[in-house]
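*Asks:* Give me the fold of what follows.
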Amino acid sequence: MVATRAGQDPDNGKSPRTARGLKTLRKILDAAAKEFGEKGFHEASISGITRRAGVALGSFYTYFDSKDAVFQALVKDMSAQVASRAREAVAPEKAALAIERAALQSFLEFAHENKEIYRIVDEAEFVDPASFREHYESTARRILDRLRKGEASGEFRPGMEEAHAWALMGMNVFLGLRFAVWADQPDAERVAGLANVMLRQGIGGPKAGDE
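*Replies:* The predicted structure is shown next:
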């Protein structure tokens with residue numbers, strides 16, 4: 001997994017206080033991503049995480065009380081990393097549609113680099129429903145904020161609302177599954193471009209009409 005500062009402090013009152021502690025926590029979270037991603041929550045183990053991380057069992061319990069706790073922290077960490085990559089890819093001065101293209105491309109690249117994110121987030125629906133819901137709701141809020149900024153600038157049509165954000169997020173999620181997770185050689189730039197054209201032009205042909 002990409003090592004970033006996103007989500008480095010676990011939400012359990014055991015935040016690291018030194019640079020060494022931050023590095024150890026990052027190792028544990030990265031190792032947990034591989035362990036859960038390969039084995040699933042129920043087959044994964046704390047000992048498997050510590051072996052992958054190259055840390056002592058005691059170091060794990062310095063930051064987490066249980067397998068459930070590290071899984072919950074991991075879901076939040078991965079969600080934060082997705083948000084961080086999108087922010088890094090998006091320049092505020094870009095046009096609204098260009099922002100959506102850059103955000104999708106960054107997500108596709110992240111998903112290909114971190115394919116385990118799909119299994120982990122999917123399992124969170126049953127292991128940690130609150131984190132599962134927050135992952136998608138927070139993503140939808142970020143998208144809706146971008147859509148409304150585009151609406152305010154006149155680049156998007158009036159009336160942007162939550163349903164538009166969820167529809168766009170759904171498209172992005174499944175594009176990531178097909179063209180990032182399932183693809184051996186992803187073409188994030190091309191796929192993001194195709195999706196952007198669809199947003200710009202729609203898919204209704206000359207015979208399209210309301211039922």
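*Asks:* For the most centrally placed residue in the chain, give its distance to residue 187.
*Replies:* Most central in the chain under Cα atoms, centre = their mean is residue 82, positioned 3.6 Å from the mean C-alpha point. Per Cβ to Cβ, to the nearest Å, residue 82 is found 20 Å from residue 187. No exception for glycine: its C-beta is placed from N, CA and C like everyone else's.
*Asks:* And the helices in this structure?
*Replies:* In the chain, the helices defined using DSSP state H lie at 19-43, 46-53, 57-63, 67-89, 96-113, 116-127, 129-152, 162-176, 188-201.
*Asks:* could the ones you listed go into JSON lines alongside distance to residue 182 and mean pLDDT?
*Replies:* Below are those laid out as JSON lines (distance: least, Cβ to Cβ, whole Å; pLDDT from 0 to 100):
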{"stretch": "helix 19-43", "distance to residue 182": "15", "mean pLDDT": "96"}
{"stretch": "helix 46-53", "distance to residue 182": "24", "mean pLDDT": "98"}
{"stretch": "helix 57-63", "distance to residue 182": "32", "mean pLDDT": "96"}
{"stretch": "helix 67-89", "distance to residue 182": "18", "mean pLDDT": "95"}
{"stretch": "helix 96-113", "distance to residue 182": "10", "mean pLDDT": "96"}
{"stretch": "helix 116-127", "distance to residue 182": "10", "mean pLDDT": "96"}
{"stretch": "helix 129-152", "distance to residue 182": "21", "mean pLDDT": "96"}
{"stretch": "helix 162-176", "distance to residue 182": "9", "mean pLDDT": "98"}
{"stretch": "helix 188-201", "distance to residue 182": "12", "mean pLDDT": "96"}
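*Asks:* Residue 139 and residue 82 touch, don't they?
*Replies:* Yes: contact criterion Cβ atoms under 8 Å: residue 139 and residue 82 qualify, at 7.2 Å.
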